[in-house]
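**Q** Just to be clear, the model below is a prediction. Sequence and coordinates:
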Number of protein chains: 2
Amino acid sequence: MFWLTVTKNSYTPLIRQIYEQIRLRILQGELNHGERLLSTRELASDLHVSRNVVLEAYEQLAAEGYLVGHEGSGTFVAEGASLNDLRSDTQPLSAPLREQPTASGIIGFRTGVPALDRLPRRKLGQLFHALCADAPPEIFNYGQPEGSLELRDTLSRYLKRTRGVRCDPDQIIITTGAAQALFLTGKALLTPGDRVITEDPIHLHFQGTLQACGASLHPVPVDESGMITSLIPRDEAARLLFVTPSHQFPLGGVLPVQRRIDLVQFAQATGCYIVEDDYESEFRFEGTAVSSLQGLAPEQVIYIGSFSKILAPALRIGYLVLPHSLIAQFRRLKYLVDNHSPILDQLVLANFIENRGLELHVTRMKRLYQKRQAALIKCLAASFPGQHRVSGASTGLHLIAEFKGIAFTEEVLSSLEAVGVRLYPVEDHALEKGHHLHQVIMGYGNLTEEEIEEGVKRMRAALDDI
Amino acid sequence: MFWLTVTKNSYTPLIRQIYEQIRLRILQGELNHGERLLSTRELASDLHVSRNVVLEAYEQLAAEGYLVGHEGSGTFVAEGASLNDLRSDTQPLSAPLREQPTASGIIGFRTGVPALDRLPRRKLGQLFHALCADAPPEIFNYGQPEGSLELRDTLSRYLKRTRGVRCDPDQIIITTGAAQALFLTGKALLTPGDRVITEDPIHLHFQGTLQACGASLHPVPVDESGMITSLIPRDEAARLLFVTPSHQFPLGGVLPVQRRIDLVQFAQATGCYIVEDDYESEFRFEGTAVSSLQGLAPEQVIYIGSFSKILAPALRIGYLVLPHSLIAQFRRLKYLVDNHSPILDQLVLANFIENRGLELHVTRMKRLYQKRQAALIKCLAASFPGQHRVSGASTGLHLIAEFKGIAFTEEVLSSLEAVGVRLYPVEDHALEKGHHLHQVIMGYGNLTEEEIEEGVKRMRAALDDI
């Protein structure tokens, strides 16, 4: 009839081994309709396995329709069970699609990455451990689309205290990061072709996310104080207006109150919602943190925040603070999109915030980032005297450096990379190209002072050759 | 001028207290453009705080554009900083929108919920703890859209071993649950109005998710062996075909190989993708688990799986196994939608699978669920002799019970609820209404044998009165 082989000490159970081989032979047409199989006793004896093993394999195959048994006359291959064109085993991709996050030895001035080695990981580990040990079983069940009440509750108080955000826990939806918060906003409110007014430049990721929701982006230029609100086009209705008022991304301006009021009045007059991405606002080095725009007009602003910058990107915890009129619609959408965000992480974070762990961490990190920023400014001044200008440095994990006479083309970036330093051009995030050729975003959050110094030295060496 | 009050032992720093009060008075128009503020020395003396505190508050307000200082002549309210129609504090929602997951005392035969009190939570807690203690800092950084290689690697082997899924790790994308996997599929492949062929009934949640992606659903009836593939409409092209071949949801049929081949041939002939939702397939009580449809045609099937049923819904970890031709497109979409799924949870799960913890847990739970199912079948037989029929019980966390002469209307469900038992009608998930009035889905995964017995008794009592 046909040969089967079984391996006794394999991870794959004997039943499964027999089942798989017979099944494949039927599918591939090696065993044809009507063909009679060995009896279970015969096959068991052939393979030196117990008869029950063969019986179970046959039963399984019969249950799935591959075999039919006739009382007394044996077991046969069923009709219509062969697949003529069963494909051969799939091949692995020839080259991995993954981009290496950091090639070894390269100093990358990537923005948005906090000091990963300073994370209070022992504390977080203990919180996970304690939660798994002590929490009621029900926390492992499905939750609500808007997220854990524990986190929304402590977060609403945290946001009021630190950011002047005015909301109750019902207005919050916990998301898997700021990107999902923006995606839900676009998906909920945009019809393909709808106008979205944005700062220009705006993060390339967010351009993509808004466009994936059908947005037609209308750029408004940015100066050292953020979006130039007097240039907002008022001829046609916009559905959303996207801003980063605490620290314009990437140029770093802080939007003054007059422009904030201008935005709110525009939104109120036209019915457009303002989307406020309040990233990195906690790390303001001059004075205390700037208050949110949301606090000025809670029913006109969709506020987006994230723990990626102040804790760790890997957690993927962000949130939306919504006008009351949008709560039901957004909850329904979050339910359809992914049900709700993971619960354990939310409960650990809630505990961490409630016990002031987060604020303590932010305070420490702010000191650290201020030192790192100062080191970067000092190194740039030493290596590029009179040749560069620093801006956007009041807040956050990056500053903007502009170099006279150097355009950061692919070619220049490659020669920098060749000496072991990676820079991120502002131009990548520009909608209207050509205005930011000489500027790079220099992130310092996850670089030591030594790495910063070495990185700037390498820049100097590479740029000398250009 | 105006009164400020400060509270010395408040959580809110003194600087912030002063800042907030002045800011609000300016915004509300109580302090007008050009008005001169007390000098920092005067205000500090008034409030019995250090002059530096007031200085910092003023500087912050100046940085945000609320105040302007003139060398030597004092500090003034800036122009254009009042908001005429600043809204009053937002009100909490009058009634909470949240549905109580389980009202106290009610025995709910909800499906899809595993035995939450049997979760190996101590083990999971230890894994989180060890990961936070020992892992390199880089794991807390941004990751790749497709998810952690560690999890995709062990998962590809797990799926081959247990489900006959043929894939390499590159074909896997880790999602936040099966719902997101389906959403990504719809969002990537559907244009509004595209035809999607589905089983009828199909989970109400998934109906909504597909429709949110613009799907026009074309129902195909289901019998005790799943989708009746001969009834698939062949007159018009469909983009996707959604099936649950291992355990039709909710009716519980297992799709025989002839119908599977029919599906594959249909898909190959028309270019349509099959979406296989392989939920609960691990808990097959008769024989070993049924092999996946994906294994028959890896380039034609989009395979969706989840750890919600075999571990815990709260984790929100699911995955897609994709044809090679779709990998790049889906990764890009996942990146735009939420960047990637949370990393710590993925690494903990990878470790748990790699060390056979998951397979051990599944084996134990299968025994447990088989007992619970047997208890339910026995109780139903004792309480409803000759009045009911059980089906779809070969696999999973629920069975279907059909009661002669009882239609599960809202009214009947309410009287059941009144005596403390909650049932879930099949009709809720039907696209064509009216065919499943007498059937309920009875989940037993998270109910003890005592609760099952008590629940059926309550049903008997309530249905007697009808």
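**A** Cool, got the structure. Residues are numbered from 1 along each chain as shown, chains lettered A, B, ... in the order given.
**Q** Local confidence estimate at the closest residue to A:Gly69 other than its chain neighbours?
**A** Of all residues not flanking A:Gly69 in the chain, A:Thr75 sits nearest, at 4.9 Å (CB to CB, 6 or more residues apart in numbering or on different chains). (Each C-beta comes from the backbone N, C-alpha and C, glycine too.) Each residue has a pLDDT score; the one for A:Thr75 is 88.
**Q** May I ask you to confirm that A:Thr75 belongs to a helix?
**A** No - secondary structure of A:Thr75 (DSSP: H, G, I helix; E, B strand; the rest coil): strand, not part of a helix.
**Q** Quick check: which ranges of the stretch 101-250 of chain A have low pLDDT?
**A** For the stretch 101-250 of chain A, applying pLDDT under 70 flags the ranges A:101-104.
**Q** now the helices for it?
**A** Using DSSP state H, counting those that start in this stretch, the helices of the stretch 101-250 of chain A run over A:121-134, A:149-163, A:177-189, A:204-212.
**Q** Make JSON lines out of those helices and add mean neighbour count and distance to chain B.
**A** Below are the helices of the stretch 101-250 of chain A laid out as JSON lines (neighbours: other CB atoms under 10 Å in any protein chain shown; distance: least, CB to the nearest CB, whole Å):
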{"stretch": "helix A:121-134", "mean neighbour count": "19", "distance to chain B": "3"}
{"stretch": "helix A:149-163", "mean neighbour count": "20", "distance to chain B": "6"}
{"stretch": "helix A:177-189", "mean neighbour count": "25", "distance to chain B": "4"}
{"stretch": "helix A:204-212", "mean neighbour count": "19", "distance to chain B": "5"}
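**Q** Can you give me the distance of the residue of chain A most remote from its centre to A:Leu31?
**A** Within chain A, the residue lying farthest from the chain centre (CA atoms, centre = their mean) is A:Gly72, at 61.4 Å. Applying CB to CB, to the nearest Å, one obtains 21 Å for the distance of A:Gly72 from A:Leu31.
**Q** cool, A:Tyr335 as well?
**A** Counting by CB to CB, the gap from A:Tyr335 to A:Leu31 is 47 Å.
**Q** quick one, which of those two is more surrounded?
**A** For the pair A:Tyr335 and A:Leu31, the greater number of neighbours falls to A:Leu31 (23 against 18), based on other CB atoms under 10 Å in any protein chain shown.
**Q** Point me to the helix or strand that includes the closest residue to the more buried one other than its chain neighbours.
**A** Leaving out its chain neighbours, the residue that sits closest to A:Leu31 by CB to CB, 6+ apart is A:Arg25, at 4.5 Å. Counting by DSSP states H and E, the element that carries A:Arg25 is helix A:14-27.
**Q** Helix A:14-27 and the helix or strand following that helix, what's the angle between them?
**A** Remark: after helix A:14-27, the chain's next helix or strand is helix A:40-47, criterion DSSP H and E. Inter-element angle recorded for helix A:40-47 and helix A:14-27: 110 degrees (by axes from the mean of the first three to the mean of the last three CA atoms, to 10 degrees).
**Q** same for the very next helix or strand once past helix A:40-47, what does it pack against?
**A** Where DSSP H and E defines the elements, the next helix or strand beyond helix A:40-47 is helix A:51-63. Here helix A:51-63 is seen to pack against helix A:14-27, helix A:40-47, strand A:67-70 when contacts are counted using 3 or more CB pairs under 8 Å, 6 or more residues apart in numbering or on different chains; DSSP states H and E.
**Q** Could you provide the ones you listed in a markdown table, with additional columns for mean neighbour count?
**A** Formatted as a markdown table, these follow (neighbours: other CB atoms under 10 Å in any protein chain shown):
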| stretch | mean neighbour count |
| --- | --- |
| helix A:14-27 | 21 |
| helix A:40-47 | 16 |
| strand A:67-70 | 16 |
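**Q** now these in TSV, with mean pLDDT?
**A** Output for the helices and strands packed on helix A:51-63, formatted as TSV (pLDDT from 0 to 100):
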stretch	mean pLDDT
helix A:14-27	85
helix A:40-47	84
strand A:67-70	83
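**Q** In this structure the residue nearest to A:Gly69 contacts A:Tyr66, no?
**A** No - counting by CB atoms under 8 Å, A:Tyr66 is not a contact partner of A:Thr75; they are 10.1 Å apart.
**Q** picking up where we left off before, of the helices and strands packed on helix A:51-63, which approaches B:Ser82 most closely?
**A** With CB to CB as the criterion, B:Ser82 lies closest to helix A:14-27 of the helices and strands packed on helix A:51-63, at 74.9 Å.
**Q** Pop the domain breakdown of chain A in here.
**A** What automatic domain parsing lists as the domains of chain A is A:14-86, A:94-118+A:365-464, A:121-359.
**Q** looking at the ones you listed, which is buried most?
**A** Among the domains of chain A, domain A:121-359 has the highest mean neighbour count (mean count of other CB atoms under 10 Å in any protein chain shown), at a mean of 21.
**Q** How far off centre is that one?
**A** The chain centre lies 13 Å from the centre of domain A:121-359; the measure is CA atoms, centre = their mean, to the nearest Å.
**Q** Start and end of that domain, how far apart?
**A** With CA to CA, to the nearest Å as the measure, domain A:121-359 spans 15 Å from end to end.
**Q** And A:Gly253, what's its pLDDT?
**A** Listed pLDDT for A:Gly253 reads 93.
**Q** residues contacting the closest residue to it other than its chain neighbours?
**A** Distances taken as CB to CB, 6+ apart place A:Gly226 nearest to A:Gly253, at 4.0 Å, with adjacent residues excluded. Counting by CB atoms under 8 Å, 6 or more residues apart in numbering or on different chains, A:Gly226 makes contact with A:199, A:243-245, A:248, A:251, A:253-256, A:259.
**Q** Pick the one among the residues you listed closest to A:Leu360.
**A** Closest approach between the contacts of A:Gly226 and A:Leu360, by CB to CB: A:Val254, at 24.9 Å.
**Q** SS state for that closest one?
**A** coil.
**Q** what does A:Phe266 give?
**A** Assigned with three-state DSSP, A:Phe266 falls in the helix class.
**Q** backbone phi and psi for the nearest residue to it once chain neighbours are set aside, please?
**A** In space, and not counting its chain neighbours, A:Phe266 is closest to A:Ile232: 6.1 Å by CB to CB, 6+ apart. Backbone torsions for A:Ile232, taken as degrees, to the nearest 10, come to phi -60, psi 130.
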